[in-house]
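Chemist: Using only what follows, build the 3D model:
(chains A and B)
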Amino acid sequence: QIQLVQSGPELKKPGESVKISCKASGYTFTDYAMHWVKQAPGKGLKWMGWINTYTGKPTYADDFKGRFVFSLEASASTANLQISNLKNEDTATYFCARDGYSGDGYYFDYWGQGVMVTVSS
Amino acid sequence: DIQMTQSPPSLSASLGDKVTITCQASQNINKYIAWYQQKPGKAPRLLIRYTSTLESGTPSRFSGSGSGRDYSFSISNVESEDIASYYCLQYVNLPRTFGGGTKLELK
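Modeler: This is a model prediction of the structure:
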């Protein structure tokens, strides 16, 4: 069955960096794009951008340009999100989500379980 | 960017009630809207795509409708397991945008 399994929770200090992983299984990794979604505590869902898992090309939403990097370890069917120079406002749960397709557009069909990143001094 | 205005932000219902959530897009999204359910501490779960197509495993008490800019999502005969937050998502183009969410609570 299709699964996206993310890495564990992280506790970081402001200014540090964090790398989150999302390991896919049950399908051909390079056939589907991977998106990243942020959810701050008690808040809604915010799209961060996506990475083409075939070419490795990332695309970032405007609010996530600069400190955020999407990358792949395609041989390991894994997508990564790295955040540098962490700020308090980066405290959130970060989800990876597969871009599914069924003839009527691309939409998020499978999600990772989420990674809680806490930034605190 | 397409803005998705979702209402109401919260909803109180009794078991067996019918509830409806709406999302209005800032422009025509040609039915490219999906609805997700999220329970506390869990990932969102896809319930409906392309306005009204139920995903495998989605109970038939869930439904969606709409066109153009205006869309709705309903739960008939609310059950206790339906207590969650619900989000709409437009996927007609990038950036993908979510509605603000609706928290469904028991009355």
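Chemist: I'd assumed A:Ala97 was in contact with A:Tyr110.
Modeler: Yes. Between A:Tyr110 and A:Ala97 a contact is recorded at 7.0 Å, counting by Cβ atoms under 8 Å. Quick note: C-beta positions are derived from backbone N, CA and C, even for glycine.
Chemist: Which one of those two is surrounded by more residues?
Modeler: Higher neighbour count among A:Tyr110 and A:Ala97: A:Ala97, with 27 against 20, using other Cβ atoms under 10 Å in any protein chain shown.
Chemist: how about the more buried one, what does it touch?
Modeler: The neighbours of A:Ala97, taking Cβ atoms under 8 Å, 6 or more residues apart in numbering or on different chains as the test, are A:4, A:34-37, A:108-112, B:44.
Chemist: if we go to 6 Å?
Modeler: By Cβ atoms under 6 Å, 6 or more residues apart in numbering or on different chains, the contact list for A:Ala97 reads A:35, A:37, A:108, A:111.
Chemist: I'd guess the second one is in a strand, am I close?
Modeler: Yes. When classified by DSSP: H, G, I helix; E, B strand; the rest coil, A:Val37 is found to be part of a strand.
Chemist: who's it bridged to?
Modeler: A:Trp47, A:Phe95 (DSSP bridges).
Chemist: So what's the residue count around it?
Modeler: Counted with other Cβ under 10 Å, A:Val37 comes out at 26.
Chemist: Chain A against chain B: which residues are in contact?
Modeler: Residues of chain A lying close to chain B by Cβ under 6 Å from any Cβ of the partner chain are A:44-45, A:47, A:61, A:95, A:104-105, A:107, A:109, A:111, A:113-114.
Chemist: out of these, which is most surrounded?
Modeler: A:Phe95 (26 neighbours).
Chemist: ok, that residue - contacts?
Modeler: Contacts of A:Phe95 by Cβ under 6 Å, 6+ apart are A:37, A:111-112, A:114, B:43.
Chemist: try A:Gln39
Modeler: By Cβ under 6 Å, 6+ apart, the neighbours of A:Gln39 are A:45, A:92-93.
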